[in-house]
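**Q** Task: produce atomic coordinates for the following.
(4 chains)
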Number of protein chains: 2
Amino acid sequence: MDVKDLCLGALTYGDATGYDLKKFFESTFSHCFLAGYGSIYPALAELTEEKLVSARTVPGQAGPSKKLYHLTDAGRKAFLAQLEATEPQHKVKSEFLVLMHFAHLLPTARLDAVLDQHLKEIEHKLAMIDAYESSDQAGKPASSGARFTCGFGKAVLTAAQDYIQAQRHVLKKGDTRVNNRSTKITRSRVKPLQAASRN
Amino acid sequence: MDVKDLCLGALTYGDATGYDLKKFFESTFSHCFLAGYGSIYPALAELTEEKLVSARTVPGQAGPSKKLYHLTDAGRKAFLAQLEATEPQHKVKSEFLVLMHFAHLLPTARLDAVLDQHLKEIEHKLAMIDAYESSDQAGKPASSGARFTCGFGKAVLTAAQDYIQAQRHVLKKGDTRVNNRSTKITRSRVKPLQAASRN
DNA sequence: GCCCTATATATCAACCCGATATAGGATGGG
DNA sequence: CCCATCCTATATCGGGTTGATATATAGGGC
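**A** All right, here's what the predicted structure looks like:
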């Protein structure tokens, strides 16, 4: 499942430009998948070459000329096949959690700032989902899948929010002052790192 | 925040080989950050060149010879600086949610299989966190940050689990049979795609 | 003996991300 | 009326990541 497939999927909802696709991904998929121009435009170029989408150039009435992409029958079939084949992975890459893991190496002010910023970002994402949900254009109430993923996002984000608010205090209990003897540990005394699954 | 910084962070806990680091990331960071050999070994090579870590080769008693990496004072300082500088991002890339979004294009059997598989994976990750938490080696009870991130992971995973179990039924209500007229939509009737944030 | 697993390092193509360049039209404040 | 700024729209590039693969040895199970 790469950006090419994402584009095919988005185009099942109707023709669109690369720019439209980016906005669509930001609105609907912002909490589960990301794709920037650096992925979208190459993807569309390849899809056109593979005849999975067709492009027609429209002289822009507002702004530059645009390329409107359309899903071909082959493209639709390819997308359905891809839906059958992709493993349902779910990966998280969180600088935030890494920072929290090393909270004992952070100054208290920085720690609080990071937590507050993350809470604000969660609220922003929740607002985005709400905006998307209440923007059912022309009565068409979004697919059940779209509603499911929105609800999923809200459930997870809310859980994160609650957890942070309830537990952030444990991060600055006791060892606020970092044990700052300047790492004069003799090489021989350093024990090798132990992972959870031991040898 | 790239894999190089992750390696520095992991080495604050003690010397380790590239292989150790991979295992460490899998155990502690599996629910918030990923790093494979393809990132770790180049990262360690660069860090050695920058004198942020030092390496010494140990003839392996069990298996091939290993390179044990050690955090230098410069490396520790660089890591602390990096902790100050990194934006606390939190990104999700979920093939699972994409599949759910297009649930109306999936056969019911496939849909159920995907949901069941994801539930199993959630349980697996929860078990991993529990294993890590109860493996406090030699009484050292893990840092408050480590405990915080474990709790965070559990809260989020549990919320996802509950949501799926409570809401999966809405995905196969009514429109189980996909509207399968074979996409003979005239080009002119196709409305361009509308994102939530409209022009 | 043979297979599988674990230890351990390393590389490579394909792909993705973020930043940047370009440019015309709309908007709006001074 | 003009300039700054934003929005639309496409495109590219370097640096970084992913996932698969190759290599080699030791040990356990059957």
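**Q** And the helix or strand containing A:Leu80, what's buried?
**A** For A:Leu80, the host element (DSSP states H and E) is helix A:73-85. For helix A:73-85, the neighbour count (16 or more other CB atoms under 10 Å in any protein chain shown) marks A:75-76, A:78-80, A:82-83 as buried. Quick note: C-beta positions are derived from backbone N, CA and C, even for glycine.
**Q** Near chain B, list only the ones from those residues.
**A** Filtering those for proximity to chain B by CB under 8 Å from any CB of the partner chain leaves A:76, A:79-80, A:83.
**Q** circling back: of the buried residues of helix A:73-85, closest to DNA strand C?
**A** A:Gln82 (12.0 Å; CB to the nearest atom of the strand).
**Q** quick one: which of the ones next to chain B among the buried residues of helix A:73-85 is nearest to DNA strand D?
**A** Using CB to the nearest atom of the strand, A:Leu83 comes nearest to DNA strand D of these, at 17.7 Å.
**Q** so the closest one touches B:Leu105, yeah?
**A** Yes: if you go by CB atoms under 8 Å, A:Leu83 and B:Leu105 touch, sitting 6.0 Å apart.
**Q** Poorly predicted segments of chain A, please.
**A** A:60-64, A:136-141, A:173-199 (pLDDT under 70).
**Q** ok, 90 please
**A** Applying pLDDT under 90 to chain A flags residues A:27-32, A:57-66, A:128-143, A:172-199.
**Q** just so I have it, where are all the strands in it?
**A** Ranges of strands within chain A are A:53-58, A:66-71, A:91-93, based on DSSP state E.
**Q** Can I get those in TSV including distance to DNA strand C and mean neighbour count?
**A** Converted to TSV, those look like this (distance: least, CB to the nearest atom of the strand, whole Å; neighbours: other CB atoms under 10 Å in any protein chain shown):
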stretch	distance to DNA strand C	mean neighbour count
strand A:53-58	14	15
strand A:66-71	11	20
strand A:91-93	9	17
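**Q** Kindly reformat those strands as CSV containing distance to A:Tyr132.
**A** What follows is the strands of chain A, written out as CSV (distance: least, CB to CB, whole Å):
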stretch, distance to A:Tyr132
strand A:53-58, 24
strand A:66-71, 22
strand A:91-93, 21
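**Q** separation between the residue in chain A that DNA strand C sits nearest to and DNA strand D?
**A** Relative to DNA strand C, the nearest point of chain A is A:Gly38 (1.9 Å; CB to the nearest atom of the strand). Distance check for A:Gly38 against DNA strand D: by CB to the nearest atom of the strand, to the nearest Å, it reads 4 Å.
**Q** For that residue, the count of nearby residues, please.
**A** A:Gly38: 9 surrounding residues under other CB atoms under 10 Å in any protein chain shown.
**Q** Distance check, it against A:Thr28.
**A** A:Gly38 is 20 Å from A:Thr28, where distance means CB to CB, to the nearest Å.
**Q** circling back: and of the strands of chain A, who's closest to DNA strand D?
**A** strand A:66-71 (3.4 Å).
**Q** relative to strand A:53-58, how tilted is the closest one?
**A** 150 degrees (axes from the mean of the first three to the mean of the last three CA atoms, to 10 degrees).
**Q** which residues sit against strand A:66-71?
**A** Strand A:66-71 has contacts (CB atoms under 8 Å, 6 or more residues apart in numbering or on different chains) with A:7-8, A:11-12, A:15-19, A:21, A:44, A:47-48, A:52-58, A:60, A:79, B:187, B:190, B:192.
**Q** anything in the helix ranked longest in chain A near DNA strand C?
**A** Secondary structure of chain A per DSSP state H: the longest helix is helix A:108-133. No: against DNA strand C, helix A:108-133 shows no contacts by CB under 7 Å from any atom of the strand, the least distance being 13.5 Å.
**Q** filter the ones next to chain B among the buried residues of helix A:73-85 down to the ones close to DNA strand D.
**A** Counting by CB under 7 Å from any atom of the strand, no member of these is near DNA strand D.
**Q** Kindly provide the distance from A:Asp20 to A:Cys7.
**A** Counting by CB to CB, the gap from A:Asp20 to A:Cys7 is 11 Å.
**Q** Between those two, tell me which one has more neighbours.
**A** A:Cys7 (28 against 22).
**Q** wait, isn't the more buried one in contact with A:Ala45?
**A** No: under the criterion of CB under 8 Å, A:Cys7 is not in contact with A:Ala45, lying 10.7 Å apart.
**Q** Number of residues surrounding A:Tyr163?
**A** 19.
**Q** Helices along chain A, start to end?
**A** Applying DSSP H to chain A gives helices spanning A:3-11, A:18-28, A:37-49, A:73-85, A:95-101, A:108-133, A:144-167.
**Q** rewinding a little: next, the angle helix B:108-133 makes with the helix holding A:Leu80.
**A** Using the same axes, to 10 degrees: helix A:73-85 against helix B:108-133 is 40 degrees.
**Q** neighbouring contacts of stretch A:161-176?
**A** Contact partners of stretch A:161-176, identified using CB under 8 Å, 6+ apart, comprise A:100, A:103-104, A:108, A:111, A:115, A:118-119, A:122-123, A:126, B:144-145, B:147-148, B:151-152, B:155-156.
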